[in-house]
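Novice: Build the 3D model from these lines:
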Amino acid sequence: MKEIRKCLNKPGLNANALKVIAIIAMTIDHFTDIFYPGFPNSPVPLALHFVGRLTAPIMWFFVCEGYYYTKDVRKYLQRLGIFAVISHFAYCFGFGISLNPLAGGIFNRTSVMYPLFIAVLILYISDYGLPVNKVVQNIIIFLLVISAFPADWSCIAVLAILRMYPKRGNLKAQMWEIIQWTFWYGLVSFLFVSKTYALELIGVLMVYPVLYFYNGQRGKAKWMKWFFYVYYPVHLIILGILRILIYGNINLTV
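Specialist: Next up, the predicted model:
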């Protein structure tokens, strides 16, 4: 009984607290794009974007936790899918991007919610299978991974989660996956997108000491389960309104 009590009272940060950290970092990162558009190479925006690098790996970590602990995988998948669609419209409006993910550039054409959804879908397929042979199933999984290429964090978000999930409970092993996949994402960014953005990705290393204090508990505020889903598209809509008020209907990603 004492051991159970110790576990329940374990000090550290619960899931709700860590998700709030991710939300704050994401908000700082995205609104920096409004006040310092074009990812300029100067101290203030670099520092603010550096803080924003906390968000993605925390998201990946909790997708793994969410998939493991959910009582209904299909409902979890449905929820992610619905908000991936909603967030696509909010993301495009927020940054002034065409709603057609195949129009314009090949990166950042839809939100990070899409690769999170795809990662959970692949985990589900891997666990429960499809009514097809293994070769066809692997082809479908490959195509699903590729479909995330135009999204924020591209296929890397999917691949990182798929590699992190079997290692849940081992933070060092999960952190190694975060570092490896972020490296490849950074390399592509360095060669084809932005050298400054690529070097900023070193900020993901900050997530280790943050996740180290995770105590394995969800937290008492059950409404937080929905807060992030709602907050994500809402903050992008506010971002889009500010974008239009300040600059007109321009594309912030150019």
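Novice: From now on I want contacts and neighbour counts done on CA atoms only, so please keep to that.
Specialist: Fine.
Novice: how about the helix or strand hosting I244: buried residues?
Specialist: Using DSSP states H and E, I244 sits in helix 224-247. Within helix 224-247, the residues that qualify as buried by neighbour count (16 or more other Cα atoms under 10 Å) are 224, 228-229, 232-237, 239-244.
Novice: quick one: least confident of these?
Specialist: The member of the buried residues of helix 224-247 with the lowest pLDDT is M224, at 83.
Novice: That residue reaches N14, doesn't it?
Specialist: No - applying Cα atoms under 8 Å, one finds M224 not in contact with N14, separated by 11.6 Å.
Novice: the helices in the stretch 101-250 of the chain, which residues?
Specialist: Secondary structure of the stretch 101-250 of the chain, counting by DSSP state H, counting those that start in this stretch: helices at 113-128, 134-147, 154-164, 171-192, 195-200, 207-212, 224-247.
Novice: pLDDT weak spots in this protein?
Specialist: Scanning the chain with the threshold set as pLDDT under 70 gives 1-10, 254.
Novice: Counting neighbours, what do you get for T110?
Specialist: 29 (other Cα atoms under 10 Å).
Novice: oh sorry, the question was meant for I106
Specialist: By other Cα under 10 Å, the burial measure for I106, its neighbour count, is 12.
Novice: Begin at 586, not 1, for the rest of this chat.
Specialist: Sure thing, new numbering starts at 586, so read that last one as I691.
Novice: I'd assumed S732 was in contact with it.
Specialist: No - using Cα under 8 Å, I691 is not in contact with S732; the gap is 11.5 Å.
Novice: Nearest residue to I731 in space, please, no chain neighbours.
Specialist: Excluding its sequence neighbours, the residue lying closest to I731 (Cα to Cα, 6 or more residues apart in numbering) is C740, at 6.4 Å.
Novice: cool, and I619?
Specialist: Spatial nearest neighbour of I619, excluding adjacent residues (Cα to Cα, 6+ apart): R828 at 6.4 Å.
Novice: what's near enough to touch the one you found?
Specialist: Counting by Cα atoms under 8 Å, 6 or more residues apart in numbering, R828 touches I619, G679, F680, N834, I835.
Novice: do the same with N800
Specialist: Residues in contact with N800 (Cα under 8 Å, 6+ apart) are K595, P596, G597, L598, N599, A600.
Novice: how much space between it and L598?
Specialist: Distance of N800 to L598, computed by Cα to Cα, to the nearest Å: 6 Å.
Novice: Who are the contact partners of C677?
Specialist: Neighbour list for C677: S683, L684, R694, T695 [criterion: Cα under 8 Å, 6+ apart].
Novice: mind giving me TSV with these and columns for distance to A607?
Specialist: Shown next, in TSV, are the contacts of C677 (distance: Cα to Cα, whole Å):
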residue	distance to A607
S683	27
L684	26
R694	22
T695	19
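Novice: Closest one to Q663 out of the residues you listed, please.
Specialist: Set against Q663, the nearest of the contacts of C677 by Cα to Cα is T695 (18.1 Å).
Novice: That closest one against I671, yeah?
Specialist: No - counting by Cα under 8 Å, I671 is not a contact partner of T695; they are 10.5 Å apart.
Novice: Can you give me every residue that contacts I726?
Specialist: I707.
Novice: so how far is stretch 634-645 from its chain's centroid?
Specialist: Offset of stretch 634-645 from its chain centre (Cα atoms, centre = their mean, to the nearest Å): 8 Å.
Novice: got it, and stretch 776-791?
Specialist: Counting by Cα atoms, centre = their mean, stretch 776-791 is centred 16 Å from the centre of its parent chain.
Novice: which of the residues in it are buried?
Specialist: T781, Y782, A783, E785, L786, V789, L790.
Novice: Please export the C-alpha coordinates of it as PDB.
Specialist: Taking Å, rounded to 0.1, in the frame of the first residue of the first chain, the C-alpha atoms of stretch 776-791 are listed here in PDB:
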ATOM      1  CA  LEU A 776      20.500  21.800 -47.900                       C
ATOM      2  CA  PHE A 777      17.100  22.900 -49.300                       C
ATOM      3  CA  VAL A 778      15.200  25.300 -47.000                       C
ATOM      4  CA  SER A 779      17.000  27.400 -44.400                       C
ATOM      5  CA  LYS A 780      20.400  27.000 -42.800                       C
ATOM      6  CA  THR A 781      19.300  29.200 -39.900                       C
ATOM      7  CA  TYR A 782      16.200  27.000 -39.300                       C
ATOM      8  CA  ALA A 783      18.300  23.900 -39.500                       C
ATOM      9  CA  LEU A 784      20.800  25.100 -36.800                       C
ATOM     10  CA  GLU A 785      17.900  26.200 -34.600                       C
ATOM     11  CA  LEU A 786      16.800  22.500 -34.400                       C
ATOM     12  CA  ILE A 787      19.500  21.900 -31.900                       C
ATOM     13  CA  GLY A 788      16.900  23.300 -29.500                       C
ATOM     14  CA  VAL A 789      15.200  19.900 -29.400                       C
ATOM     15  CA  LEU A 790      17.900  18.900 -26.900                       C
ATOM     16  CA  MET A 791      16.200  21.000 -24.300                       C
END
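Novice: Sweet, I'm off.
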